[in-house]
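1. Okay, predicted coordinates and the sequence, questions at the end:
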Amino acid sequence: MKKKLIFLLIYLFSVFGFAQTTKETQFRNKISLSQQINARWTTDLDLGKNWTKNDYETQNNASYLNQLYARVWGHYQQNDHWRFSSFLGYFYNMNSTDDKQPNFSEIRLALQSIYYFHRPDYVLSSRLRVENKFVENLENQFDATVRLRLQLSFVYPFNGRFVQKGVFYALTSDELFFKLITPNSGSQFFDRNRFSAGFGYAFLNSFKMELSYVNEYIPRPSNTRMENVLQVNLIFSNLIPVVKKKQESKNQN
């Protein structure tokens, strides 16, 4: 076992040890609209954008919008522990660091499962996602790649047992990305690591805001990227019942 570990460390050092490291600062924000259909089914719409400021461009303080995306989700809650989901998403990438293809589209289709460990003071969850990416190439055709994503996340409410109106909470997660070997994926199996930590507050049962720091480590043989990200999420849920209740109260008055 020790010999295998030593060989693994030597391999990782040989692959990444001499790679140049570049740093990027990003701002990401996402708006999530969630609507419960019945006791089992929920649907989501995610809208997001990413801004990037890098330290390796020739111009000083180069910052630009580099990604817009939209995703439509379907969730099935089997019980208190298991949740199964799927999404279809469209991503438009701009100002890419790849000079050969600065702007390109991307279609993603994913299946995922989440298992929740409910404890009196916190919730721990593990997530498995298989993601198909169809990336536009220079011939305006789409190359297919497959990613495997493994995430462990932790949510801790400070002033309540659950995240509900008036509750302040902490959240953190770590996620490993792997590229399944396909003709278009290249030879590198490990893709990246994404760590995040932050806080959230539930202003209403139907509205939460989360502010997080994200560190994304993207190792490559020739150029390793380190992304430091400020992420803001606005989460709206079950707005249709809220609107109906407000309308009913107005009618009663």
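-> In hand now; what should we look at?
2. make it CA atoms for all contacts and neighbour counts henceforth
-> OK.
3. ranges for the strands of the chain?
-> In the chain, the strands defined using DSSP state E lie at 20-36, 41-54, 63-77, 82-93, 104-118, 123-136, 142-157, 168-180, 190-204, 207-218, 223-237.
4. Check His75 and give its pLDDT.
-> Here, the pLDDT recorded for His75 equals 97.
5. Same list (the strands of the chain) but as JSON lines, adding mean neighbour count.
-> Listed next are those as JSON lines, based on neighbours: other C-alpha atoms under 10 Å:
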{"stretch": "strand 20-36", "mean neighbour count": "17"}
{"stretch": "strand 41-54", "mean neighbour count": "18"}
{"stretch": "strand 63-77", "mean neighbour count": "17"}
{"stretch": "strand 82-93", "mean neighbour count": "18"}
{"stretch": "strand 104-118", "mean neighbour count": "17"}
{"stretch": "strand 123-136", "mean neighbour count": "18"}
{"stretch": "strand 142-157", "mean neighbour count": "18"}
{"stretch": "strand 168-180", "mean neighbour count": "19"}
{"stretch": "strand 190-204", "mean neighbour count": "18"}
{"stretch": "strand 207-218", "mean neighbour count": "19"}
{"stretch": "strand 223-237", "mean neighbour count": "18"}
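6. which residue sits closest to Thr21, ignoring its sequence neighbours?
-> In space, and not counting its chain neighbours, Thr21 is closest to Thr224: 4.6 Å by C-alpha to C-alpha, 6 or more residues apart in numbering.
7. Distance of the one you found relative to Phe178?
-> Using C-alpha to C-alpha, to the nearest Å, Thr224 is found at 16 Å from Phe178.
8. Then Phe134?
-> Per C-alpha to C-alpha, Phe134 is found 16 Å from Phe178.
9. again, but for Arg161
-> According to C-alpha to C-alpha, Arg161 and Phe178 sit 35 Å apart.
10. can you check Gln26 too?
-> 22 Å.
11. Over to Leu109?
-> 16 Å.
12. Can you pull the poorly scored residue ranges out of the chain?
-> Across the chain, the ranges flagged by pLDDT under 70 are 1-20, 54-63, 96-100, 181-187, 241-253.
13. how about 50 then?
-> Applying pLDDT under 50 to the chain picks out residues 2-18, 58-60, 99.
14. Tell me if I'm right that Ser32 and Leu234 touch.
-> Yes - contact status for Ser32 versus Leu234: in contact at 6.2 Å, counting by C-alpha atoms under 8 Å.
15. My read is that the residue nearest to Thr21 contacts Arg192, right?
-> No - using C-alpha under 8 Å, Thr224 is not in contact with Arg192; the gap is 10.0 Å.
16. anything in contact with each of those two?
-> Common neighbours of Thr224 and Arg192, using C-alpha atoms under 8 Å, 6 or more residues apart in numbering, are Tyr217, Ile218.
17. So what pairs up with the closest residue to Gln36 other than its chain neighbours in the strands?
-> In space, and not counting its chain neighbours, Gln36 is closest to Thr42: 4.3 Å by C-alpha to C-alpha, 6+ apart. Beta-bridge partners for Thr42, by DSSP bridges, are Gln36, His75.
18. now do Ser126
-> Counting by DSSP bridges, Ser126 is bridged to Tyr115, Leu152.
19. ok, now which ones touch it?
-> So Ser126 contacts Ile114, Tyr115, Tyr116, Leu150, Gln151, Leu152, Ser153 (C-alpha under 8 Å, 6+ apart).
20. Settle this for me: the second one is touching Val123, isn't it.
-> No - at 10.4 Å, Tyr115 does not count as touching Val123 under the criterion of C-alpha under 8 Å.
21. What backbone torsions are found at Pro219?
-> phi -80, psi 140 (degrees, to the nearest 10).
22. Surely it touches Arg192?
-> Yes - judged on C-alpha under 8 Å, Pro219 makes contact with Arg192 at a distance of 6.5 Å.
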